[in-house]
Structure formats: C-alpha cells, structure tokens
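Colleague: Any chance you can model this:
(2 chains)
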There are 2 protein chains.
Amino acid sequence: MGGDFGPRVTVPAALDALERHPSLTILLVGHQDQIASVLKRLGHSEHPRIELLHAETVVAMDERPTFALRRRKDSSMYIALQAVAAGQAQACVSAGNTGALMVMGRGILQMLPGIDRPAITSAIPTMRGYSHMLDLGANVDCSAEHLLQFAIMGSVMLKAVAHIESPTVALLNIGAEEIKGNEQVKLASRLLAEQPDLNYIGFVEGDGVFSGKADLVVCDGFVGNIALKSSEGLARLISRKVRKSFSRNVYRRLLALLARPVIHELQQQLDPGKQNGASLLGLQGIVIKSHGGANRNCFAHAIDQAVSEVEMNIPGRISEHLEHYLINSSDPASAGRSNYP
Amino acid sequence: MGGDFGPRVTVPAALDALERHPSLTILLVGHQDQIASVLKRLGHSEHPRIELLHAETVVAMDERPTFALRRRKDSSMYIALQAVAAGQAQACVSAGNTGALMVMGRGILQMLPGIDRPAITSAIPTMRGYSHMLDLGANVDCSAEHLLQFAIMGSVMLKAVAHIESPTVALLNIGAEEIKGNEQVKLASRLLAEQPDLNYIGFVEGDGVFSGKADLVVCDGFVGNIALKSSEGLARLISRKVRKSFSRNVYRRLLALLARPVIHELQQQLDPGKQNGASLLGLQGIVIKSHGGANRNCFAHAIDQAVSEVEMNIPGRISEHLEHYLINSSDPASAGRSNYP
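Modeller: Modelled structure (predicted):
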C-alpha cells in the first residue's frame, strides 16, 4: 500500500517479479478490495502464486514511527512484518514510511545480537564498479558506537554477499585529515581503527563516495540520506540539461537521435533510482525498502533484491560472522560509550 | 600560498584577474622568493598593480584552526587577513585550510553584530537558475540558533546582492514532513517559522537542493559540505562515464566530435568547480574561499568573486539589513538556546 502510488505500482510490479522468478510466491498485504480491483484490471483475478493478506489501515508517510508501532497493528506494514516473523514470508518489501519500517522491523523481527539499530544500505555506482553505503536514512542521530556497528554489519555483508575477502571501510567526513569532522566521527574513527578485523582506511570526503575509494562508506543516516539524495538531484538536473541542450535546434536533435544508444546506456548505468531496493541490515529477517516514488520497474527491482537476499540468507550469514566481531568489539565499544562527550 | 598548488596556480590566476579588472591591485601574500620566482618565470618581475607582502610561514592543511590563530601570526593567511583588517586590502582570497581561515577571520576581522560564526555560502546551479546554500563547511556542529543566523545572513545577502525581494528559505532535511530530522533541524524549523521577515518555506530534501525549490538552503557545515562534495563526485563520475561511453568505437568517437560543442556547453553549466569562490559570510570584511584543488582558471574566478563583493559592499549591506532582523530575532533565539536539548 505504501509509496506515492500504492497498489497501482506495487501490484503490477509483483506480477513482473513473479514472471521473472518461477519459484516465487507473493503475499500482497493491504486493503483487499483495492488490491483485488487492481489485480482484476490487470486480468489476474486469480493467480496461483499470489495470496492476499487483508490489512484494514496503512501507516501514513508523516506518522511518527513509535506511534505507528503502538497503534497501527492493523496496518499493511505491521501485518507484512508479522508474516516474516511468523515464517509465513521470507522477506518484506515496502515503499512506505522509512522510520516506521525501521521501528516496526526492530519491534517485530528483533535485532541481531550485538546490533542496536537497523541501518539502510544500498549499492552505489562508482568509478571502480560498486560500493555500498550505510546508513542511508534509518538513524538520524548516531553515536560513535552505532557507526562502529554499521561498519561491522556492512563489512560482514560484503564478505558474505559480494565475496570480498577484506572489504575496505571508510568513514564519511568533511576532510581526510584526522582533525576534521564532528566529535562523533572523530571518536568513531578511533573505534574503527582499534578493530583488528575491520579493514578501516580512514576518512573519505563526499566526492570519495563515487570514486570508489572504499568498498563500504559508513555515515549516520541524516548525512547519508542527504548525500545520496543530493547526488540524485544533481543527476536529474544534468539529465534535464542534457535533454534541453540536445533539443535546441534541428542539428542537435539529429545528433541526439544518433547518440540515443549511448545516452540510454549512460542512464542505465547511472540513475541511482535504478538501484532501487535498499536493505535494512541488522534485523532478524529480510526487509527491503523501496523508494517512495518508485515506478513499476523500480519496485519490481526491489522485489528482485528481496529474492536474492533470501537466496543468499543474508541475516543468517551476517549473524554467523558477527559473533567473531562481537568478542573483539565489546571492549572498545563500551570504552567509547563512557568517553563519548 | 594555499591550496594544492600554491603560487604555481595563485600567481598566474592573479595576473589573469588583473587583466580582466583594470582598476584592481593585488597584494600577493606569502614567501617572497617563491612568489618572485613564479612572477619572473611568467615575465612579470615588475607589475605596476602587484605588491608583495612577505610571510615567513604558511598554515598547513591539517593544522588545528585554534593553533593556527595563536601560533601562525607570521603565516600568509594571518598577514592577508590583517591587511584587510587594516584597510590595506578590501578582500582576502585563499585556497588554504578552511577551518583556519574561518577561525582567523573571526579573530582578526571580527563578526558582524548579532552573528556568532561565519558561514560559507556559494551559488549552486538548479533547474530554475541558481540557488545559494549555506553553511558549506565552516561549522561542523551547529545549534538551531546558528542555523537561524545563517538563514538571516543568507536572506539578507540575497536581498542585497541578487535583488530578490523576499528570498525563499528552506532547511535541508531528510524528509519534508514536520516529524522528520534530528533535534537541531526540528528546533531550527520552529525558530525560522517564527521570524516574520524570513520567507521560510519549510524543509527541503537533498534532491530539492538542485531543483531550485528555495532561493536559499540552510544546513550545518558538515551536512552541507558532504552534500555538495558528493554531488561533485557524482558529476565527475558521470563525466568520466560519458567520455568512456563515447570512446568505445570509431562511430561513437565521431559522434563525440560532432557533439563536442554540446558537451562543452553542458560542462560549463554544470561543473560545480567552475562556480569557484565561496563567501565567508558574517565577518566584518570580505573573505573568499577557493577550492584547494582549484586550477588557474578556477582561482581567477575566486578573485573575480572578491572583486564583485567589494563593488557591492556585501558586509556593509548585510550589516544594514541585519539590524532590522536582530530586533525580531533576539527573543526566539534565546528561547531556543534554553530549550535546546
């Protein structure tokens, strides 16, 4: 039901995903009548691999997460997460209220041992391929230890999923020098450097995110969200200017026609919207957050992401690797806590 | 002496600026021998509108700002700012250590009455033309009242300089809804809304920066710096991918040749490095910060920026307009202070 378009986008996207994954079954959680009417319009009143799970209400985009957790037990988001907790589903995909998804996820699915908060992570295109960044918006105020936990989770995920033996980890900061940054980043840097099993390479500046200097860029959710969305905004501005520039006269329009395959290829490679489907790491279950503004294709991509996380058993593998770190990290983390200004 | 290249870039850039501005005189502050040798190499051992001001040391890029203020009184940065304070120069342009420039600027030039900290602002290209953003890196930890002061300064600057009668002001946040964001942004939003003379339009997300939703986007320096540099990083990534994509085969290389004027035009419009020369607002004097990595053209652009701020008497005009705000803002600001969690 979530996102800017609700079932109009999520239902056709689900049908696309079912076509791509023959062993997939989808539970559509939300208002039965609304979903049924979209399914009917699309000629799929009956589908052997779709089940409907009725939810009376929805979590509004501007609802406080804690309110949602307490009072929206009949919402599509709550019921979908419960389905995961009950083993009825193996993953939940939502384009709804991010804060509510995180707080409900934590409340219903529980955290992995040693992790306080879920963090949102996503692959981002770089000069060298792809890097991952976290947190992208789940946590607005993070302590240094939270940043350390994000670094460990992200690192473990890259080992398990991307098969990078020793992923390089950097902290996002406003300068590469030790003296730069706010208190929390400076303290986090010391905590990360103390971890023998983290391949910590120091600070990276905003422009370093896309240069691919690190496999994993760690930051608090406020900064990460704004960095990513600003970049998306600039990418849209560039794309708009390109279109305008290529349509100025007949000659340029002809040029644009000739260059169309190149432009299309570039758009495919670069549009961060195409990388839709960010993971909420740290939960005892798979939760994928889609952009609120995702269209059919993008939302289907978020479902693909869920399918591949199920196949790779991400939370299980993070959990296995975590045990090793937690033994090492418990000391510096608590030292960090008491030192925190 | 500052930036990644020192006199190799700043001296030729100064010569370019002198050519463009017939009434300009430049004081080159730094190590006499080094500057003289660059001038000589460029065939300008003598120039009627260049004076040399010797400085024995420089502020290093990784030096603590407060240390620099106390111990680097013989540095080029200190002596250049003193020249402004003494009325010997009307503006200072530096590519050096940003934090030191801000702290020294505050110590030597003093703040405008009612303003606690300088903020770095710059024009950024948007869908609708240009917006301004501040702070871009001078202040890593800002209270809600600092954000309010930035909003007032920026607003006054846009009135005075860009002749916008009632500039729209937005706060950078991770969502447009009232409940989103960290404590400081939420409190700042209330403070800004209480200001009768500010045209405050609420929160804007990262992607709203480049859509031009507001004439002025206010944020703390940590977030602003990372948002801007991330965007620059993505712009560079795009530019690299474009070059690569257009050089894949002979046909595409031909296409690139034909499209060269379009691509050049786009680069001109979009490269944020081209908008070099950010203002340190709030000081009783004009200080322009250049990118450390600025080349000759970019550094000359920062000098142009200084010339136009002198011509427009920015600090004087901000000061005039400020008086009006300060009467209105003193109450909510101090209320904010006591409420701040």
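Colleague: now stretch A:224-238, how far from the centre of its chain.
Modeller: Per C-alpha atoms, centre = their mean, to the nearest Å, the displacement of stretch A:224-238 from the mean C-alpha position of its chain is 15 Å.
Colleague: Please save the CA atoms from that stretch in PDB.
Modeller: Below are the C-alpha coordinates for stretch A:224-238, written out as PDB (Å, rounded to 0.1, in the frame of the first residue of the first chain):
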ATOM      1  CA  GLY A 224      23.900   9.500   4.200                       C
ATOM      2  CA  ASN A 225      20.400  10.300   3.100                       C
ATOM      3  CA  ILE A 226      21.200  13.900   2.200                       C
ATOM      4  CA  ALA A 227      24.400  12.900   0.400                       C
ATOM      5  CA  LEU A 228      22.600  10.300  -1.700                       C
ATOM      6  CA  LYS A 229      19.500  12.400  -2.400                       C
ATOM      7  CA  SER A 230      21.600  15.500  -3.300                       C
ATOM      8  CA  SER A 231      23.500  13.400  -5.800                       C
ATOM      9  CA  GLU A 232      20.300  12.100  -7.200                       C
ATOM     10  CA  GLY A 233      19.100  15.700  -7.500                       C
ATOM     11  CA  LEU A 234      22.200  16.700  -9.400                       C
ATOM     12  CA  ALA A 235      21.900  13.600 -11.700                       C
ATOM     13  CA  ARG A 236      18.400  14.700 -12.500                       C
ATOM     14  CA  LEU A 237      19.500  18.200 -13.200                       C
ATOM     15  CA  ILE A 238      22.200  17.000 -15.500                       C
END
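Colleague: Stretch A:283-300 close to chain B?
Modeller: No. Judged by C-beta under 8 Å from any C-beta of the partner chain, stretch A:283-300 stays clear of chain B, getting no closer than 9.8 Å. (C-beta placed from N, C-alpha, C; glycine too.)
Colleague: Which residue ranges of the stretch 201-341 of chain A form strands?
Modeller: For the stretch 201-341 of chain A, strands defined by DSSP state E, counting those that start in this stretch occupy the ranges A:216-218, A:278-281, A:286-289.
Colleague: Rebuild those strands as CSV, extending it with mean neighbour count and mean pLDDT.
Modeller: What follows is the strands of the stretch 201-341 of chain A, written out as CSV (neighbours: other C-beta atoms under 10 Å in any protein chain shown; pLDDT from 0 to 100):
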stretch, mean neighbour count, mean pLDDT
strand A:216-218, 30, 97
strand A:278-281, 27, 92
strand A:286-289, 28, 96
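Colleague: Columns distance to A:M77 on top of these, output as a markdown table?
Modeller: Formatted as a markdown table, the strands of the stretch 201-341 of chain A follow (distance: least, C-beta to C-beta, whole Å):
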| stretch | distance to A:M77 |
| --- | --- |
| strand A:216-218 | 27 |
| strand A:278-281 | 12 |
| strand A:286-289 | 10 |
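Colleague: so which of the ones you listed comes closest to A:K229?
Modeller: Of all those, strand A:278-281 sits nearest to A:K229, with 12.4 Å by C-beta to C-beta.
Colleague: Check which strands are paired with the closest one and give the direction for each one.
Modeller: When pairing is defined by DSSP bridges, strand A:278-281 lines up against strand A:119-126 (antiparallel), strand A:286-289 (antiparallel).
Colleague: Distance from the chain centre to that strand, please.
Modeller: 4 Å.
Colleague: you'd agree A:V223 is up against B:F222?
Modeller: Yes. Contact status for A:V223 versus B:F222: in contact at 6.9 Å, counting by C-beta atoms under 8 Å.
Colleague: So for these two, which residue has more residues nearby?
Modeller: Per other C-beta atoms under 10 Å in any protein chain shown, whichever of A:V223 and B:F222 has more neighbours is A:V223, with 28 against 25.
Colleague: if I pick that one, what's in contact with it?
Modeller: Shown here is A:V223, whose contacts under the criterion C-beta atoms under 8 Å, 6 or more residues apart in numbering or on different chains are A:172, B:222-223, B:226.
Colleague: again, but for A:L136
Modeller: By C-beta under 8 Å, 6+ apart, the residues touching A:L136 are A:119-122, A:221, A:224-225, A:228, A:278.
Colleague: from those, which single one is nearest A:H132?
Modeller: So of the contacts of A:L136, ranked by how close each gets to A:H132 (C-beta to C-beta), first place is A:T121, at 5.4 Å.
Colleague: Surely A:E51 is within a strand?
Modeller: Yes. Counting by DSSP: H, G, I helix; E, B strand; the rest coil, A:E51 falls inside a strand.
Colleague: Beta-bridge partners for it, please?
Modeller: Counting by DSSP bridges, the residues bridging with A:E51 are A:L27.
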